[in-house]
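**Student:** below: sequence and its predicted model.
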2 protein chains.
Amino acid sequence: MKYFNDNLDKTDITAQHLDTIKKVKQQMTAEETLYDLAELFKVFGDSTRIKILSALFYSEMCVGDIAITLGMTQSAISHQLRVLKQAKLVRYRREGKIVYYALDDDHVKQIFHQGLDHINEGRD
Amino acid sequence: MKYFNDNLDKTDITAQHLDTIKKVKQQMTAEETLYDLAELFKVFGDSTRIKILSALFYSEMCVGDIAITLGMTQSAISHQLRVLKQAKLVRYRREGKIVYYALDDDHVKQIFHQGLDHINEGRD
DNA sequence: ACAACATATGAACATATGAACATAAGTTAA
DNA sequence: TTAACTTATGTTCATATGTTCATATGTTGT
């Protein structure tokens, strides 16, 4: 791509490109925020974690029950719950030796459903 | 976790666990859908792709301009645009040798903003 | 304190992923 | 057709990620 040339016919196009780049740069969300956003979506971007969240839509659950429900090991679930916890997508409460996990806020459901809408639109 | 035992005092708890597992399994979104959903969010879960989407919020752009805007190679951008294209998050139109990319539908913006809301809530 | 149970964590391994480089493919103008 | 330009793609490499296994931590009841 040529942004500096001596061809007069292309000067306008070049200027337009430079202008677009400049304006978009100014308007774009801060890089740090975008980085955090990508980190958040990365958490949603794993089928095990999505399944855990999906399960917690209907009931708070303990680690062992989630493992049984998804047919996975307790360890794998625990590791992923830690990721979900760090992203503040789930919260937990302890009752004796059992730890119950639940969805942390409504954004989880909303993000989840927007995603479903996108998928379903593609299935028209 | 013990689901079958002869301790009468714990029978109710056990039954409750089994009941929860059964009900959640019945209500949960189909596994295949959850898999697709994870794939979708995986696309959002990369800072380069998020930056591209963020840039396209403000203007359709050609590949080279996106590369300059983000300070990355044309190749890297093109590869990621292919991923975004496959996920139907962006569409493109060709004008001569230049290919302009744009956001494909409103779900992108909505998912993006729900994500921002979640992040900002954590910053209270 | 000890045994039994539920959950968390560390290490190792296999797989997945993103970026860069080189180059191919497609488009336009001369 | 050739040259110049824009975009797409194949390959390689370094790194990130998820699962398993073994074990640690924490809790309850005896």
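**Tutor:** Now that the structure is in, tell me what you want to look at.

**Student:** following the helix or strand where A:Gln16 lies, which helix or strand comes up?
**Tutor:** Taking DSSP states H and E as the criterion, the element that holds A:Gln16 is helix A:8-27. As assigned by DSSP H and E, the chain's next helix or strand after helix A:8-27 is helix A:31-44.

**Student:** that next one and chain B in contact?
**Tutor:** Yes - if you take C-beta under 8 Å from any C-beta of the partner chain as the test, helix A:31-44 does meet chain B, through A:31, A:33-44. Placement of C-beta: from N, CA and C, glycine included.

**Student:** same deal with stretch A:109-124?
**Tutor:** Yes - under the criterion of C-beta under 8 Å from any C-beta, chain B is reached by stretch A:109-124 at A:110-112, A:114-119, A:121-122.

**Student:** residues making contact with that stretch?
**Tutor:** Outside stretch A:109-124, the residues that touch it by C-beta atoms under 8 Å, 6 or more residues apart in numbering or on different chains are A:44, A:50, A:53-54, A:57, A:103, B:29, B:33, B:36-37, B:40-41, B:88, B:105, B:107-108, B:110-111, B:114-115, B:118.

**Student:** tell me the confidence at A:Glu121?
**Tutor:** At A:Glu121 the predicted local confidence, pLDDT, stands at 84.

**Student:** quick check: buried residues in the helix or strand hosting it?
**Tutor:** Here A:Glu121, judged by DSSP H and E, is contained in helix A:106-122. Of the residues in helix A:106-122, A:107-108, A:110-112, A:114-116, A:118-119 count as buried by neighbour count, 16 or more other C-beta atoms under 10 Å in any protein chain shown.

**Student:** could you pick out which of the residues you listed are near DNA strand D?
**Tutor:** Among the buried residues of helix A:106-122, no residue is within reach of DNA strand D (C-beta under 7 Å from any atom of the strand).

**Student:** among these, find the lowest-pLDDT one for me.
**Tutor:** Ranking the buried residues of helix A:106-122 by pLDDT, A:His107 lands last with 90.

**Student:** residue numbers of chain A in contact with DNA strand D?
**Tutor:** Chain A has residues A:1-2, A:5, A:42, A:45-49, A:72-73, A:75-76, A:79-80, A:83, A:94, A:96-97 near DNA strand D, with proximity defined as C-beta under 7 Å from any atom of the strand.

**Student:** between helix A:106-122 and the helix or strand containing A:Gln80, find me the angle.
**Tutor:** Taking DSSP H and E as the criterion, the element that holds A:Gln80 is helix A:74-86. Angular relation of helix A:74-86 and helix A:106-122 on a 0 to 180 degree scale: 110 degrees, by axes from the mean of the first three to the mean of the last three C-alpha atoms, to 10 degrees.

**Student:** burial measure for A:Val63, as a count.
**Tutor:** Neighbour count for A:Val63, taken as other C-beta atoms under 10 Å in any protein chain shown: 19.

**Student:** close enough to count as contact, A:Tyr92 and A:Lys85?
**Tutor:** Yes - proximity of A:Tyr92 to A:Lys85 meets the contact threshold set by C-beta atoms under 8 Å, at 7.0 Å.

**Student:** nearest the geometric middle of chain A, what residue?
**Tutor:** By C-alpha atoms, centre = their mean, chain A has its centre lying nearest to A:Phe41, at 1.6 Å.

**Student:** need the contact list for the nearest residue to it once chain neighbours are set aside.
**Tutor:** The shortest distance from A:Phe41 to any residue that is not its chain neighbour, by C-beta to C-beta, 6 or more residues apart in numbering or on different chains, is 3.7 Å, and that residue is B:Phe44. For B:Phe44, the set of contacting residues under the criterion of C-beta under 8 Å, 6+ apart consists of A:37-38, A:41, A:44-45, B:50, B:53, B:111-112, B:115.
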